[in-house]
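Chemist: Return atomic coordinates for the entry below.
(2 chains)
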Amino acid sequence: MAKGEVLLQVKDLFKHFPINQGLFSRSKSKVHAVDGISFDIYDGETLGLVGESGCGKSTTGRTILQLYRPTAGEVLFDGDNLAKLKGEDLRRKRRYLQMIFQDPYASLNPRMTVGKIIGEPMDIHNTLKGKAQLERVEELLELVGLNPAFLNRYPHEFSGGQRQRIGVARALALQPKLIVCDEPISALDVSIQAQVVNLLEDLQQNLGLTYLFIAHDLSMVRHISDRIAVMYLGIIVELADRNTLYAKPIHPYTKALLSAVPFPDPFIEEKRKRIILEGDVPSPVNPPSGCRFRTRCQYAKEICAAEKPVFREVEPHHFVACHFSDDLK
Amino acid sequence: MPDLLEVKGLETQFKTREGIIHAVNGVSFNLKEGETLGIVGESGCGKTVSMMSLLGLIPMPPGKIVAGEAWFEGKDLLKMNNEEMRHVRGSKISVVFQDPMTSFNPVLTIGKQTAEPYRIHNNASKGEAYERAVKYLELVGIANAKERLNDYPHQFSGGMRQRVMIAMALICEPQILIADEPTTALDVTIQAQIIELMKDLREKLGMSIIWITHDLGIVAGLAHRVNVMYGGYIIETAPVKGLYSNPQHPYTLGLLGSLPRMDETEYRRLHSIDGLPPTLLERPSYCPFEPRCKFAVEKCRHSNPALQEVEGEGHFAACWVNPKTGKEY
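Modeler: Take a look at the predicted model:
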């Protein structure tokens, strides 16, 4: 596949979680975690997925990988709809789609050695065994900047940043095409974050990886991504390439989100005018009718409560879901 | 402006199974009236421990304040007995904690918890204290404060709970407010709300603020002065503009270089700081940053530099080398 072609396609993806209550655990209501999103991921790119907690960005990542089975919608990868695949067929696809988790303390089995952790995917998918596997593990450790001699150590002997490197090595073990990075640096200290981000960038360049990079840190997402999707309460409100999104955001939520990010520069901070959003994000159990953002939006009119705005291409490669996108350009 | 608080040579240690942790190693600083002091550093650098030491909030044992003085209103906070400290803590100096989810008592109403400091410190009647609680809850932007007095913490969102905690900290009109990462657990749009609120309150009430954070962005827009901490030491202190425009310690330089900036138009590889933060198991006779420092010279391996005025008025750094020239001072 050539760089720049569509690697994975998400079409009208829904993921609802039932809330079970009462006798016989009847489900009375449901959390609309992901509520109809569509986007493409191109080969070799990094697509950033940003949003505040509870907006559904992690659920999106996990649903793409079929760690959660979607309520509706399609995930097209390599000619197959992953949402329809089962058992052995799905398992065979899984090696191409890997994940790096947020918490490097919880995502590594404390009773397994580093060698076992990184070798496990190879055991499961029957790729390499014995000495060949050992060599591959050493190679992977070196690739992520760890000493191959650490093979027999346990996760607790490593710092947070080093553990995250182990997680990266495990994700690379089966030579995947797409890696979903679910907030891979938010549990790390500032000086260590840059180390891991640089590693991810180097690996992408050398191995031709594609990333779906999920994060809430907007400045880091801008740094690492080619294109960025902004999520709010289960839907994507805006998607554009990184320079356009940060220079010319259209959706009122994107604007507010960007203006809320503090700048590490007192001279700029002195002059900045912030858009302060009122109130909190509504509950995803009972999302507002029409436009999800209307309850906090300063431009909201009647139409926003009555009709769902269509997620459409308002400028080339710039998608926005807002009734007033033309006025807000 | 006169100094409100003067801390000299504060040293705090913790006894653990692995040995003594040297958490704070001789920290000295002043806080002026009406000043906002930012304390920046990564996890384990001693920023929280040094502030909690001042208020007797360190669990002893395993903690122990080994040395130091902290002068406030003609008295040494570190020499106070429990009774004396009780009159200071929560009334003259109060704290806003990081986690609004766990810092409240879940079985007491918001009204009772907000009014409690005022009832205790001012011997006020219940009615009087509740009235004052309503006033302060309104001040921090809780709508229908009077009706919400009987609500419990779980009925408030994270951002709202942090507002309540601020109201609780301010109800006795403290001279100093210590804010220990009050926005770290919050989303960025909610963080912006809280920061704007604090700026507003600072102007209305005129208290001094000590703002502890790991986020260089927040401090840039909020603080007048900044202390940068590393390995239990203050390694640089300067007026906020001087620190960001002209950082003098290699660690500060490294931290600023490791942050992506949203105003960059060209892609720039992040400068990571190699290596790991110190374990604090020994009190180093050398510069604590030396193992990770690009500028280190022979002297750094033998002798720990003290803070010295290096660049303009009030700009101090603890480094043997001038990172601009790469030469020793």
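Chemist: residues contacting A:I100?
Modeler: A:Q164, A:G167, A:V168, A:A171, A:I179, A:V180, A:C181, A:D182, A:P184 (C-beta atoms under 8 Å, 6 or more residues apart in numbering or on different chains). Every residue, glycine included, has its C-beta placed from N, CA and C.
Chemist: Bridged to it, which residues?
Modeler: On the basis of DSSP bridges, A:I100 is bridged to A:C181.
Chemist: any chance you could map the helices in the chain?
Modeler: As the question left the chain open, I've gone with chain A. A:57-64, A:87-94, A:114-124, A:130-143, A:160-172, A:190-207, A:218-224, A:242-247, A:252-260, A:266-271, A:302-306, A:325-328 (DSSP state H).
Chemist: you looked at the wrong chain, it should be chain B
Modeler: Using DSSP H, helices in chain B cover B:47-54, B:82-88, B:110-122, B:126-139, B:145-148, B:158-170, B:188-205, B:216-222, B:240-245, B:250-257.
Chemist: any chance of those helices in a markdown table, with distance to B:R301, mean pLDDT and mean neighbour count too?
Modeler: Shown next, in a markdown table, are the helices of chain B (distance: least, C-beta to C-beta, whole Å; pLDDT from 0 to 100; neighbours: other C-beta atoms under 10 Å in any protein chain shown):
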| stretch | distance to B:R301 | mean pLDDT | mean neighbour count |
| --- | --- | --- | --- |
| helix B:47-54 | 26 | 92 | 25 |
| helix B:82-88 | 41 | 90 | 13 |
| helix B:110-122 | 49 | 91 | 21 |
| helix B:126-139 | 53 | 91 | 18 |
| helix B:145-148 | 58 | 88 | 16 |
| helix B:158-170 | 44 | 88 | 24 |
| helix B:188-205 | 41 | 87 | 18 |
| helix B:216-222 | 28 | 91 | 23 |
| helix B:240-245 | 27 | 93 | 20 |
| helix B:250-257 | 15 | 92 | 22 |
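Chemist: Can you add distance to A:N81 and give those back as a markdown table?
Modeler: What follows is the helices of chain B, written out as a markdown table (distance: least, C-beta to C-beta, whole Å):
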| stretch | distance to A:N81 |
| --- | --- |
| helix B:47-54 | 50 |
| helix B:82-88 | 66 |
| helix B:110-122 | 50 |
| helix B:126-139 | 53 |
| helix B:145-148 | 49 |
| helix B:158-170 | 38 |
| helix B:188-205 | 35 |
| helix B:216-222 | 42 |
| helix B:240-245 | 51 |
| helix B:250-257 | 45 |
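Chemist: just to revisit the earlier point, out of the contacts of A:I100, who's nearest chain B?
Modeler: A:Q164 (12.7 Å; C-beta to the nearest C-beta).
Chemist: hang on, the earlier thing: including neighbour count, distance to A:H317 and pLDDT, could the contacts of A:I100 go into JSON lines?
Modeler: Below are these laid out as JSON lines (neighbours: other C-beta atoms under 10 Å in any protein chain shown; distance: C-beta to C-beta, whole Å; pLDDT from 0 to 100):
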{"residue": "A:Q164", "neighbour count": "30", "distance to A:H317": "32", "pLDDT": "93"}
{"residue": "A:G167", "neighbour count": "26", "distance to A:H317": "32", "pLDDT": "94"}
{"residue": "A:V168", "neighbour count": "25", "distance to A:H317": "30", "pLDDT": "95"}
{"residue": "A:A171", "neighbour count": "24", "distance to A:H317": "29", "pLDDT": "94"}
{"residue": "A:I179", "neighbour count": "26", "distance to A:H317": "23", "pLDDT": "96"}
{"residue": "A:V180", "neighbour count": "26", "distance to A:H317": "22", "pLDDT": "96"}
{"residue": "A:C181", "neighbour count": "27", "distance to A:H317": "23", "pLDDT": "95"}
{"residue": "A:D182", "neighbour count": "23", "distance to A:H317": "25", "pLDDT": "93"}
{"residue": "A:P184", "neighbour count": "28", "distance to A:H317": "26", "pLDDT": "91"}
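Chemist: Tell me which two in those residues are the farthest apart.
Modeler: Based on C-beta to C-beta, the longest span within those runs between A:Q164 and A:V180 and measures 14.6 Å.
Chemist: Can you pull up the most central residue in the chain?
Modeler: Since no chain was named, I'll use chain A. Taking C-alpha atoms, centre = their mean, the centroid of chain A lies closest to A:I214, which sits 2.9 Å from it.
Chemist: that answer is for a different chain, and I need it for chain B
Modeler: Nearest to chain B centroid, counting by C-alpha atoms, centre = their mean: B:I212, 2.5 Å.
Chemist: Who does that one form a beta bridge with?
Modeler: Going by DSSP bridges, B:I212 forms beta bridges with B:I39, B:D180.
Chemist: Thought B:M51 was touching it, still the case?
Modeler: Yes. B:I212 lies in contact with B:M51 (C-beta atoms under 8 Å); the separation is 6.2 Å.
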